[in-house]
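Participant: Need a 3D model of the following:
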Amino acid sequence: EVQLVESGGGLVQPGGSLRLSCAASGFNFKNYAMNWVRQAPGKGLEWVSSINNGGGSTNYVDSVKGRFTITRDNAKNTLYLQMNVLKPEDTGVYYCVKQRGRAGAGTYEKWGQGTQIAVSS
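Facilitator: Numbers count the residues shown, from 1 in each chain. Here you go, the predicted structure:
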């Protein structure tokens, strides 16, 4: 069974940092591109970042460029999102998402349960 389990969420002050992790199991993690998608309170889903299967190619939504970094450790089957200089508008539930294929745009195949981030003073 494919499983994605996020962790690392919490409450942080504006300007602070958090590191999200996503532990993957049940599939060959190193063969798939991965994504982070978030949902702010009362709003729709927003793609945040993606990384190809090898980790050498990454993409970000403009609002997080220069502040967030997506990485992966294929030996540990784990996806990460380092979030720095957090802003109140980063508040929301963050989902780890497995997509079809090794890179580029692909169909989302599996979502984690999400981890809550709250940025507030």
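Participant: list the contacts for the residue nearest to E6 when sequence neighbours are not counted?
Facilitator: Closest residue to E6 in three dimensions, ignoring its sequence neighbours and counting by CB to CB, 6 or more residues apart in numbering: T115, at 4.0 Å. From N, CA and C alone the C-beta is placed, and that goes for glycine too. For T115, the set of contacting residues under the criterion of CB atoms under 8 Å, 6 or more residues apart in numbering consists of E6, S7, G8, G9, L20, V93, Y94.
Participant: so what strands line up beside the helix or strand hosting the first one?
Facilitator: What it means is E6. Under the criterion DSSP states H and E, the helix or strand holding E6 is strand 3-7. Using DSSP bridges, the neighbouring strands of strand 3-7 in the sheet come out as strand 18-25 (antiparallel).
Participant: Using PDB, write down the CA coordinates of the next helix or strand along the chain from the strand it pairs with.
Facilitator: Next along the chain after strand 18-25, taking DSSP H and E as the criterion, comes strand 34-39. In PDB, the C-alpha atoms belonging to strand 34-39 read as follows (Å, rounded to 0.1, in the frame of the first residue of the first chain):
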ATOM      1  CA  MET A  34       7.100  14.500  -5.800                       C
ATOM      2  CA  ASN A  35       5.200  17.600  -4.900                       C
ATOM      3  CA  TRP A  36       4.200  19.800  -2.000                       C
ATOM      4  CA  VAL A  37       0.700  21.300  -2.300                       C
ATOM      5  CA  ARG A  38      -1.000  23.500   0.300                       C
ATOM      6  CA  GLN A  39      -4.400  24.700   1.200                       C
END
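Participant: returning to what we had before: bridged to the residue nearest to E6, which residues?
Facilitator: Y94.
Participant: Format the contacts of T115 as a markdown table; extra columns: neighbour count and distance to S63.
Facilitator: Converted to a markdown table, these look like this (neighbours: other CB atoms under 10 Å; distance: CB to CB, whole Å):
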| residue | neighbour count | distance to S63 |
| --- | --- | --- |
| E6 | 22 | 20 |
| S7 | 14 | 23 |
| G8 | 16 | 20 |
| G9 | 17 | 18 |
| L20 | 22 | 16 |
| V93 | 17 | 16 |
| Y94 | 23 | 14 |
